[in-house]
Structure formats: C-alpha cells, structure tokens
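# sequence and predicted structure, then a few things I'm wondering about:
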Amino acid sequence: MNIEQMRLLCRDENIQMTDHVFKRCRERKIKLDDIKRCIMYGDIIEDYPNDFPYPSALVLECKVGRPLHVVAGVGNNLLWIITAYEPSPDKWESDFKTRKEQ
C-alpha cells in the first residue's frame, strides 16, 4: 500500500464508509476530519497487501492532537475506511507503532 495513493483519494467524494464504521466512529467520537487528517499527515505502520477485497494498511497519526489509527483500503479509485480508533496503551507501545507482546 502506498500512502501517497491513499492521500490522493482522501477527498469526501472518494471516501467510502459502511454504516458499521460510521456507528463505531460516532461511539468513539472520531470525526471524518480526524480520519482525513490521519491519512494526510500520518504514516503507514502496517501493510496488509492480501486483504480482501482490497489491499489495506494501518495508518498512525499522532503529531496533531490525539493519536489515531485508521485502517483503510484502496480499490476502484475509492478510499475504503475499514476502522478508526485511538490506540490503547494496553495494546500498543508508547510510540503507538509497535504492538505489545500478548
């Protein structure tokens, strides 16, 4: 997955979110602007090239405001938001890039 490709598609008309993602983001108090900021200013920390139906990646942005993880895929010239959440210190190291050993 290429972050530049994701950034090119990171416009309202290209972003696709399921009802489930909308609901979870609302529960987590994550706005579409937060998701777009993460894609535009964040870095890919995990790549999932074999995801179905489209390759996806986990993006971290923690330079502006709270740390945020967004999993998004690219397909059919659309940016598919799979999930977005604040990384938990229980599951992630302090850099929010490294998963803790379970």
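Good, I have the coordinates.
# look up how far residue 95 lies from residue 17.
Per C-beta to C-beta, to the nearest Å, residue 17 is found 27 Å from residue 95. Any C-beta I mention is one placed from the backbone N, CA and C, and that applies to glycine too.
# looking at these two now, which is surrounded by more residues?
Set residue 17 next to residue 95 and count neighbours by other C-beta atoms under 10 Å: residue 17 wins out with 19 against 11.
# need the nearest residue in space to the more buried one, chain neighbours excluded.
Closest residue in space to residue 17, ignoring its immediate chain neighbours: residue 81 at 4.6 Å, by C-beta to C-beta, 6 or more residues apart in numbering.
# format the CA atom coordinates belonging to the helix or strand in which the one you found is found as PDB.
In this assignment (DSSP states H and E), residue 81 forms part of strand 78-85. Extracted in PDB, the C-alpha atoms of strand 78-85 (Å, rounded to 0.1, in the frame of the first residue of the first chain):
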ATOM      1  CA  LEU A  78     -12.000   4.900  -3.700                       C
ATOM      2  CA  LEU A  79     -10.600   5.100  -0.200                       C
ATOM      3  CA  TRP A  80     -12.400   2.500   1.900                       C
ATOM      4  CA  ILE A  81     -12.300   3.200   5.600                       C
ATOM      5  CA  ILE A  82     -12.400  -0.100   7.500                       C
ATOM      6  CA  THR A  83     -12.000   1.200  11.000                       C
ATOM      7  CA  ALA A  84     -10.600   4.100  13.100                       C
ATOM      8  CA  TYR A  85      -9.700   4.100  16.800                       C
END
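# what lines up beside it in the sheet?
Strand pairing for strand 78-85, determined by DSSP bridges: strand 15-17 (parallel), strand 68-75 (antiparallel).
# residue contacts, the residue nearest to the spatial centre of the chain?
Residue closest to the average C-alpha location in the chain (C-alpha atoms, centre = their mean): residue 70, at 1.5 Å. For residue 70, the contact set (C-beta atoms under 8 Å, 6 or more residues apart in numbering) comprises 35, 38, 39, 42, 58, 59, 61, 81, 83, 84.
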